[in-house]
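J.: generate coordinates for the sequence data below:
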Amino acid sequence: MPTLRARGLRKAYGDCVSLDGASLDLAPGRVHALVGENGAGKSTLIRCLCGLVAADAGSVTVDEVELAPGDLRASLAAGVGVVHQHFMLAEALTVAENVVLGAEPRRGLFGWGLDRAAMDARVRALAEARGMPVDPTAAVATLGVGERQRVEILKVLHRGATVVLLDEPTAVLSPAEVEGLLATIRAMAAQGAAVLLVTHKLDEVFAVADEITVLRRGRVVLSAEAAATSRAAVTAAVVGDDGHTGSGKVEVLAAEAEGAEAAEALAVRGVRGGGAGPFTLTLRAGEVLGVAGVEGNGQRALLELLAGLRPCEAGSIAVEGADVTREGVAGRRLRGVGFVPEDREGHGLFGELTVAENLALGDVAVATRGGRFDGAMARAAAERVIARFDVRPADPDASLGSLSGGNQQKVLVARELLTATRVLLVAQPTRGVDLRAAEVIRAALRALRAEGVAMVLVSSELDELRALSDRVMVLRRGAVVGEVAASEATDATLGQWMVGG
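T.: Just a heads-up that it's a prediction; the model follows:
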């Protein structure tokens, strides 16, 4: 009998139906993969299962006990733990404080004091046992994206959940970290947990899942044992009958560089800052430099130095021959420097603004008439982007926060494509998006390259780096440790540089 059983779940937000009679069984000792396009209802289903959202119809039971819709406390008490796609951490607290929040070890006669030594030791032991090392005394605000994801997972493991829901947990992890997490997932199932894994990556699905369910537009369109189905069948179920036949693999279509005669677009000489560097590199128009490395090894610092978000402590930066070393973000944007940050919620978008307003933030000229904001112009520009990138729902007046994570990512990337960019700095462009959306974004980046835009591309997907880059540079501990032509960038070579082999 399944540990968790969902039957006929329906959830609508106005006229938008997120779930339409979805059913799912999660059994102890098994890993169940949930797959679907952005906006298919995956995150809504998870929120209904864990009690964050009350379904309009249907039921959720755990060990034969039905949970009241939208009752988060009852769900937690029943042993349901969830790792959300978007971080839910208190940045001002330490790692250990976040992990044990609500279940803190106490000391003293009446238990009024917090036993920090026991707390730190408990979290350190848990992290090491699960193969997710992290400093329990570090403030969350100082952590990189990958480290924060580990903290989210450790929170659930610390509470001893028997039903573990993972909403795209590998989206922010390096290849080595992904393998470690998959091993953790297998271990959790082997110890009797029922695990639900939401992911767009079919490699991960078939590496770890016992069962697979595919959602499309809120409905279950495929439910099968992993051993009894195939990549082609899962992909066809995800995208429907629209002629799309992607396999989930990144197609390597990188073109040859335009040649040494192309104009110099970016020149970086001995740049240091934020504990990273020195960085020295040259990019010509239409050239793409891929940047690989385990999360938190200087990739973010490099892009922020180039974008003007961090001051240069040494060295120089020139864009098309103009020295921009002392210019800030605004000055560099006027020079044609675009930036797609890795953290779309914290540094890229405003959830309370509309899709049209978020797009206009990239270049106010697309929505300005006579020096004043023109809502009609903003909506018209947004409608063009929505059509090109298949943003769902196709409503320029929808609040950005109401969109799925993948659709938000489309808006973030598209905003930079609207501007007159000469140098584009891109971090994790396809993180958290589905197969179809990833192809659209990669095609847009290829088109920019063909137009002569130079790019610095940071990605945890080595296949993506090979597909889009001319050269791949590897960072470790904030320094460049190797560089190779994309055509020669094997997993073995890059992996050895990344981990110090």
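J.: the helix or strand bottoming out on mean pLDDT in the chain pairs with which strands, and in what direction?
T.: Every helix and strand of the chain was ranked by mean pLDDT, DSSP states H and E. The lowest is strand 368-369, at a mean of 80. In the sheet, strand 368-369 lines up against strand 372-373 (antiparallel) (DSSP bridges).
J.: how about the very next helix or strand once past the partner strand: buried residues?
T.: Next in sequence after strand 372-373, counting helices and strands by DSSP states H and E, comes helix 375-389. Across helix 375-389, burial judged by 16 or more other C-beta atoms under 10 Å covers M377, A378, R379, A381, A382, E383, V385, I386, F389. Bear in mind the C-beta positions are built from the backbone N, C-alpha and C, glycine included.
J.: can I get those residues in a markdown table with distance to E204 and pLDDT?
T.: Putting the buried residues of helix 375-389 into a markdown table (distance: C-beta to C-beta, whole Å; pLDDT from 0 to 100) gives the following:
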| residue | distance to E204 | pLDDT |
| --- | --- | --- |
| M377 | 42 | 88 |
| A378 | 38 | 88 |
| R379 | 38 | 89 |
| A381 | 36 | 85 |
| A382 | 33 | 89 |
| E383 | 35 | 91 |
| V385 | 30 | 84 |
| I386 | 29 | 88 |
| F389 | 25 | 83 |
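J.: under the pLDDT cut-off, which ranges of the stretch 1-150 of the chain? List them.
T.: 1-2, 109-111 (pLDDT under 70).
J.: please enumerate the strands of the stretch 401-501 of the chain.
T.: With DSSP state E, counting those that start in this stretch as the criterion, the stretch 401-501 of the chain has strands at 423-427, 454-458, 471-476, 479-485.
J.: state the mean pLDDT of the longest one.
T.: Rounded to a whole number, the mean pLDDT of strand 479-485 is 95.
J.: what does stretch 311-323 give?
T.: Model confidence over stretch 311-323, given as mean pLDDT, is 96.
J.: can you give me the helices in the stretch 301-450 of the chain?
T.: 329-334, 355-360, 375-389, 405-418, 435-450 (DSSP state H, counting those that start in this stretch).
J.: now find how far off-centre the first one is within its chain.
T.: Pointing back at helix 329-334 there. 26 Å (C-alpha atoms, centre = their mean, to the nearest Å).
J.: what is the nearest of the buried residues of helix 375-389 to A139?
T.: If you rank these by distance to A139 using C-beta to C-beta, F389 comes first, at 36.1 Å.
J.: tell me the confidence at the nearest residue to the closest one once chain neighbours are set aside?
T.: Counting by C-beta to C-beta, 6 or more residues apart in numbering, K410 is the residue found nearest to F389 once chain neighbours are left out, at 4.3 Å. pLDDT recorded at K410 is 87.
J.: got it, and L173?
T.: 70.
J.: same check on the one 5 residues further on?
T.: According to the predicted model, the pLDDT of V178 comes to 80.
J.: how about the spatially closest residue to it that is not a sequence neighbour, what does it touch?
T.: Using C-beta to C-beta, 6+ apart and skipping the chain neighbours, the partner closest in space to V178 is T170 (4.7 Å). By C-beta atoms under 8 Å, 6 or more residues apart in numbering, the contact list for T170 reads E177, V178, L181, L182, T199, K201, E204.
J.: can you add distance to D434 and give the buried residues of helix 375-389 back as a markdown table?
T.: Converted to a markdown table, these look like this (distance: C-beta to C-beta, whole Å):
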| residue | distance to D434 |
| --- | --- |
| M377 | 30 |
| A378 | 27 |
| R379 | 26 |
| A381 | 24 |
| A382 | 21 |
| E383 | 22 |
| V385 | 18 |
| I386 | 16 |
| F389 | 12 |
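J.: which pair in those residues spans the largest distance?
T.: The widest separation within the buried residues of helix 375-389 (C-beta to C-beta) is 18.9 Å, between M377 and F389.
J.: can you list the domains in this structure?
T.: 4-239, 250-336+420-501, 349-403+411-417 (automatic domain parsing).
J.: export those to TSV and tack on distance to D343?
T.: Shown next, in TSV, are those (distance: least, C-beta to C-beta, whole Å):
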stretch	distance to D343
domain 4-239	6
domain 250-336+420-501	8
domain 349-403+411-417	10
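J.: so for E342, which of those domains sits nearest?
T.: When the domains of the chain are compared (using C-beta to C-beta), the closest one is domain 250-336+420-501, at 3.7 Å.
J.: so what's the gap between that closest one and the chain middle?
T.: The answer for domain 250-336+420-501 is 18 Å, by C-alpha atoms, centre = their mean.
J.: can you map out the strands along the stretch 201-350 of the chain?
T.: 211-216, 219-225, 264-273, 276-284, 288-292, 314-319, 322-323, 337-340.
J.: equivalent analysis for the stretch 1-150 of the chain, please.
T.: 4-13, 16-26, 31-35, 57-62, 65-66, 80-83, 106-107, 113-114.
J.: G144: which of these is closest?
T.: Comparing those by C-beta to C-beta, strand 80-83 comes nearest, at 16.9 Å.
J.: what lies in contact with that closest one?
T.: Contact with strand 80-83 is made by 4, 46, 49-52, 62, 149, 152-153, 155-157, 159, 161-167, 169, as judged by C-beta under 8 Å, 6+ apart.
J.: tell me the buried residues in that strand?
T.: V80, G81, V82, V83.
J.: for it, what is the distance to the chain centroid?
T.: On C-alpha atoms, centre = their mean, the centre of strand 80-83 falls 18 Å from that of its chain.
J.: re earlier: residues making contact with the least confident helix or strand of the chain?
T.: Against strand 368-369 from outside (C-beta under 8 Å, 6+ apart): D374, M377.
J.: run the chain-centre distance for it.
T.: With C-alpha atoms, centre = their mean, you get 34 Å for strand 368-369.
J.: and stretch 65-79, by the same measure?
T.: Averaging C-alpha positions (C-alpha atoms, centre = their mean) puts stretch 65-79 28 Å from its chain's average.
J.: a markdown table for the strands of the stretch 1-150 of the chain, including distance to R217?
T.: Output for the strands of the stretch 1-150 of the chain, formatted as a markdown table (distance: least, C-beta to C-beta, whole Å):
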| stretch | distance to R217 |
| --- | --- |
| strand 4-13 | 12 |
| strand 16-26 | 7 |
| strand 31-35 | 14 |
| strand 57-62 | 17 |
| strand 65-66 | 27 |
| strand 80-83 | 23 |
| strand 106-107 | 49 |
| strand 113-114 | 48 |
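J.: looking at the ones you listed, which is buried most?
T.: Most buried of these by mean neighbour count (mean count of other C-beta atoms under 10 Å) is strand 31-35; its value is a mean of 27.
J.: report the beta-bridge partners for L19.
T.: K11.
J.: make sure Q408 is actually in contact with F350.
T.: No. The criterion here is C-beta atoms under 8 Å, and Q408 misses it with F350 at 10.7 Å.
J.: give me the common contacts of these two.
T.: With C-beta under 8 Å, 6+ apart, Q408 and F350 have common neighbours L400.
J.: more neighbours: which of those two?
T.: Neighbours per residue, other C-beta atoms under 10 Å: of Q408 and F350, the larger number sits with Q408, 25 against 13.
J.: now do the contacts for the more buried one.
T.: Q408 neighbours (C-beta under 8 Å, 6+ apart): R344, E345, L349, L400.
J.: where's the dip in pLDDT among those?
T.: Lowest pLDDT of these: E345, 73.
J.: how about it: what's its closest non-neighbour residue?
T.: H86 (5.9 Å).
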